[in-house]
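**Q** model this:
(one chain, ligands or ions: 1)
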Amino acid sequence: DFGSVSTDPEKHDVEYLTPISIGTPPQDLIVDFDTGSSDLWVFSTEMAASDIKGQTVYDPSNSSTSQILQGSTWEITYGDGSSSSGDVYIDTVTIGNLTVPNQAVEAAKKVSSEFTEDPNNDGLLGLGFTSINTVQPTPQNTFFDNIKESLDARLFTADLKHGAPGSYNFGYIDPAAYIGNISWTPVDNSQGFWGFTSPGYAVGTGAFRNHSMTGIADTGTTLLLLPKSVVSAYYKEIQGAEYDSDQGGYVFPCSPTPPDFVFGVNNGIVTVPGDMVSYAPVDTANQNCFGGIQRDTGIGFSIFGDVALKTSFVVFDAGGLQLGWAAK
Ligand SMILES: N#Cc1c(N)n[nH]c1N1CCCC1
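**A** Got it, this is the predicted structure:
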């Protein structure tokens, strides 16, 4: 078995939103597929009306196949401080043409303002490892963990694009989706993430610098967050770039286009084109841009978020416990 679903970027590629269906008859919601977390939670009819501003909500009482998971609750806080919590139903969930009949669907009772203020996002679908699922007393499987035995290959691929629809494929590697070879690197899932270590980096056409960067491949984080020393080495090459504490990161003149950023994956490389490093203008005159590469200070590891992922075709291989990166 295998499947595919389209994923669309919000403005500035801040997040990628993907359609799923829950229940009988199917309730269609649009959620954020997040390889950096492992809960499938959705806005629901159990929330206060004041916390819902435009989102589509899951109504378990309108699904003939929903069953409450008695006594179970969940609560999650993300690295950016956003959070949500609620109770749990078992119901049928379909992504593309793939269906899990007994998927744990975490219905929100509360969400923080970041989620309320994001009208197009109806929830999250975690694609991290089940070990960090927050359901108590018994953690629940992710959609991928529930479906992976029935897939032709125990993997999914992320093909995120800059300002254009991309796709998540389950169970197969589409040879038409990438060019050249896939660079494979082993995954450390001991913290529940798709963790790996990049051997180093280069700035523009400069020499490759050996510098281990241990981090996670995280579709739920917008930017590429790297060690302070690597980030300052990169911005040193941009005339007028500076760390702006008001903006909370490096800012630089939107033109000329900044240099490419290259990072290693095993014996291959991934190139973030300079025009993808300019994340978004910080002023109405569009003179200065906020950088897509920023420090990973305080996190404890680097985060290869959408700025890194959208340059590549990325294979999340649970069978081989490895990540594959290819150009496209
Ligand atoms: N912060 C953060 C974060 C992350 N590292 N992965 N996914 C995240 N979020 C998903 C929804 C809000 C934040």
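**Q** ok, which residues in the stretch 151-300 of the chain are in contact with the ligand?
**A** Neighbours of the ligand within the stretch 151-300 of the chain, by C-beta under 6 Å from any ligand atom: D218, G220, T221. C-beta here means a position set from N, CA and C on the backbone, and glycine is covered the same way.
**Q** 8 Å - rerun?
**A** Within the stretch 151-300 of the chain, the residues that sit near the ligand (C-beta under 8 Å from any ligand atom) are I216, D218, T219, G220, T221.
**Q** what's the closest of those to L29?
**A** Minimum distance to L29 across those is 16.4 Å, recorded for G220 (C-beta to C-beta).
**Q** residue contacts, the residue nearest to that closest one when sequence neighbours are not counted?
**A** What sits nearest to G220 in space, not counting adjacent residues and going by C-beta to C-beta, 6 or more residues apart in numbering, is D34, at 3.1 Å. For D34, the contact set (C-beta atoms under 8 Å, 6 or more residues apart in numbering) comprises L124, L125, G126, L127, G128, D218, T219, G220.
**Q** bridged to D34, which residues?
**A** Taking DSSP bridges, one obtains G126 as the residues bridged to D34.
**Q** now the phi/psi pair for the residue in the chain that the ligand sits nearest to, please.
**A** For the chain, the residue closest to the ligand is G220, as judged by C-beta to the nearest ligand atom, at 2.7 Å. Backbone torsions of G220, given as degrees, to the nearest 10, read phi -90, psi 0.
**Q** one more: E15?
**A** In terms of degrees, to the nearest 10, the main-chain angles of E15 are phi -160, psi 160.
**Q** could you pull out the strands for the stretch 101-250 of the chain?
**A** Counting by DSSP state E, counting those that start in this stretch, the stretch 101-250 of the chain has these strands, from start to end: 123-126, 155-159, 166-170, 179-186, 195-203, 209-217, 224-226, 242-244, 249-253.
**Q** any chance of those in CSV with distance to S21 as columns?
**A** Listed next are the strands of the stretch 101-250 of the chain as CSV, based on distance: least, C-beta to C-beta, whole Å:
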stretch, distance to S21
strand 123-126, 12
strand 155-159, 18
strand 166-170, 15
strand 179-186, 31
strand 195-203, 31
strand 209-217, 26
strand 224-226, 32
strand 242-244, 43
strand 249-253, 38
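**Q** and these as JSON lines, adding mean neighbour count and mean pLDDT?
**A** Output for those, formatted as JSON lines (neighbours: other C-beta atoms under 10 Å; pLDDT from 0 to 100):
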{"stretch": "strand 123-126", "mean neighbour count": "26", "mean pLDDT": "99"}
{"stretch": "strand 155-159", "mean neighbour count": "24", "mean pLDDT": "99"}
{"stretch": "strand 166-170", "mean neighbour count": "22", "mean pLDDT": "98"}
{"stretch": "strand 179-186", "mean neighbour count": "15", "mean pLDDT": "98"}
{"stretch": "strand 195-203", "mean neighbour count": "20", "mean pLDDT": "98"}
{"stretch": "strand 209-217", "mean neighbour count": "18", "mean pLDDT": "98"}
{"stretch": "strand 224-226", "mean neighbour count": "27", "mean pLDDT": "98"}
{"stretch": "strand 242-244", "mean neighbour count": "14", "mean pLDDT": "97"}
{"stretch": "strand 249-253", "mean neighbour count": "20", "mean pLDDT": "97"}
